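> based on what follows, work out the 3D shape:
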Amino acid sequence: IESILSNIYLQGEATREILLQERIDDLYFMCNTAKLNEIHLNHLQSVHTDKYKQHRTCKCALWQIYLHKFEQDCKEYDKKMFEVLKYSDDYKSKDDLMKSPK
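The predicted structure is shown next:
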């Protein structure tokens, strides 16, 4: 948990409001998604390689996030996102988007 939380940052006016003990209206968080994905993958590879730790009722939040990517609503969301990216100036190809950065 500590490695996950150390990659999520509170930013914006809330930090000032906390210091001044004022009312907080909005919370804005920034996260290091590359590091969070690395933590997630490392956890899956170290804990969930055993088939007995891969069941749907496992209470591990990271395992549940992994399982969700195979559900229909997630597949539909991904399909819509690829369609949006297709018309973006930065779009190359679906295969290029799926490649991991080196």
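
> how many residues are close by the spatially closest residue to residue 8 that is not a sequence neighbour?
The spatially closest residue to residue 8, leaving aside those adjacent along the chain, is residue 31, at 4.7 Å (CB to CB, 6 or more residues apart in numbering). C-beta here means a position set from N, CA and C on the backbone, and glycine is covered the same way. Residue 31 has 12 neighbours, counted by other CB atoms under 10 Å.

> quick one: residue 31 and residue 7 touch, right?
Yes: taking CB atoms under 8 Å as the definition, residue 31 is a contact partner of residue 7 at 5.9 Å.

> quick one: the strands in the chain, in order.
8-11, 28-31 (DSSP state E).

> the last one: partners in the sheet, and parallel or antiparallel?
Applying DSSP bridges, strand 28-31 is found paired with strand 8-11 (antiparallel).

> quick check: mean pLDDT of stretch 87-101?
Mean pLDDT, computed over stretch 87-101, is 64.

> swap in stretch 53-68?
87.

> got the end-to-end distance for it?
Chord length of stretch 53-68, first to last residue, is 16 Å (CA to CA, to the nearest Å).

> got a pLDDT number for the residue sitting furthest away from the middle of the chain?
The centre of the chain is farthest from one residue, residue 20, which by CA atoms, centre = their mean lies 31.6 Å away. Model confidence at residue 20, given as pLDDT, is 94.

> understood, closing this out.
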